[in-house]
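Chemist: Predicted model follows, preceded by the sequence.
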Amino acid sequence: MGGVSDDVPLLDDLMPWAVGGLRLGRDWVAAPDPAVLRARWAALAGAEGADRERLFRPSRSRTPAAGAAALPGQRSATTRFADGPGPCPDPVRVLRAPFDEQWLLPDQRLIDTARPELWRVLDGHQLFLVEGPEPLVTAHLPAGRPLRTRPLHRRPGGSEPNLAPGLLPLLGGQYGGWATPEDVLCWILAAGRPGPRGYEVPLAAAPERWRAGLELGHRLLAVQLRGARGGEAPRLPGGRRPYVRSAVAGWPHGIAYDTASETLSLGGGTVSPVPPGAWEYEVQGVRVLESWCAARTAHRDPAADGLEALGPAEWPQDWTSELLALVTTLALLADLAPERAAFEPGPLLPAARLRAAGVLPVPRWARRPASVLDHQEEGPGGQFALL
């Protein structure tokens, strides 16, 4: 990208509060099907002694003999699991891997590092930027990968943006109109690039380049969110829209693609047309569609053991619908990739301007979570947490 230099601001400064990813510690607490999680909970709660210990898969952080606080906003028992599991908590939707939305048992007694600070700001207004070679935005809590997560808002209700203090007024004055937190997020999606110092986000000096970046970024965001937060689910034009040509019968041993017919095969099931860009879409060298399918057939692997071997008896119809939506998402992102790669912000707003306006350096408090405890949270053993 022309004009990028060491003076370009970093993502770490523009969105200063970042949290490490959730570390589950045991794979069985997440699954693509919420009914499976309830079945796993019932099996664990019904086991006793050594059998429960084996199914639980203890770690240094979590064992059946350890209690833990309830996760903010979630209902779960806080006594030691060995003394009383309590009722199964309602599974919540999470982003388990790039573009792979699954379900999680929101019980901190089962999760090695649950990141309560993220759960406190999880609501209908929140969006999360997940770091990687290319950032990914999701409305669901990222769970299960050690990637850093940057919430768009520091408090529930979208009342305080996770942005460098003073950034929005500076951008509004530069571009002749009010800039919103979502605008900055969209600009990051359109203009941000990996650099030697970290993820760089060059800011345009010219209002027309800012508007062009926002237009591209809002399209990228709409596709990545996949209809979440009340948006319209992205769709391909009629002639390119994937359809189920034959239903999945039995369990597929893998996923295959025929380039000539643009057909995706899972066992005896077929979906077409599937654009080549969707099939070839990769994140960190892994095809997303292959990874998605592997996650849904993992319980049938001969090596699967314990609770991880519990899964649906038949391929759920909902999964086929999710597959069609995923193909659409990947195809649209592949279509947008050349436009994003070619996007140029033009002459840059230097980091020196941000320093002169007091936006940089970012104050230390902006890198820490806000105090958002406006209700009591139940700690281990039923005691209320003091935060």
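Modeler: Structure's in. What do you need? Numbering: from 1, shown residues only.
Chemist: Tell me how the chain divides into domains.
Modeler: Domain segmentation of the chain under automatic domain parsing yields 27-61+70-158, 241-300+315-341.
Chemist: Nearest to E182, out of the ones you listed?
Modeler: Evaluated with C-beta to C-beta, the domains of the chain place domain 27-61+70-158 nearest to E182, the distance being 7.3 Å. No exception for glycine: its C-beta is placed from N, CA and C like everyone else's.
Chemist: thinking again about what came up before, just the domains of the chain: most buried one?
Modeler: Mean neighbour count (mean count of other C-beta atoms under 10 Å) peaks for domain 27-61+70-158 among these, with a mean of 19.
Chemist: Name the residue most distant from the centre of the chain?
Modeler: The outermost residue of the chain relative to its centre, with distances by C-alpha atoms, centre = their mean, is G49 at 36.0 Å.
Chemist: Starting from V130, give me the distance back to that residue.
Modeler: Distance, G49 to V130, using C-beta to C-beta, to the nearest Å: 40 Å.
Chemist: Can you name the residues that contact the residue farthest from the centre of the chain?
Modeler: The contact partners of G49, by C-beta atoms under 8 Å, 6 or more residues apart in numbering, come to none.
Chemist: any idea which element D107 lies in?
Modeler: Element membership for D107, per DSSP states H and E: none, as it lies in no helix or strand.
Chemist: where in this structure is pLDDT low?
Modeler: In the predicted model, the chain carries pLDDT under 70 at residues 1-6, 146, 372-387.
Chemist: if we can go back for a sec, dump the domains of the chain to a markdown table, plus distance to W17.
Modeler: Below are those laid out as a markdown table (distance: least, C-beta to C-beta, whole Å):
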| stretch | distance to W17 |
| --- | --- |
| domain 27-61+70-158 | 6 |
| domain 241-300+315-341 | 24 |
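Chemist: Minimum distance to A351: which of those domains has it?
Modeler: Using C-beta to C-beta, these put domain 27-61+70-158 closest to A351, at 18.9 Å.
Chemist: Need the distance between the two termini of that closest one.
Modeler: Terminal residues of domain 27-61+70-158 lie 32 Å apart, using C-alpha to C-alpha, to the nearest Å.
Chemist: What residues does the closest residue in space to P207 that isn't next to it in sequence make contact with?
Modeler: Nearest residue to P207, sequence neighbours excluded (C-beta to C-beta, 6 or more residues apart in numbering): Y175, at 4.3 Å. Contacts for Y175 (C-beta under 8 Å, 6+ apart) come out as 207, 210-211.
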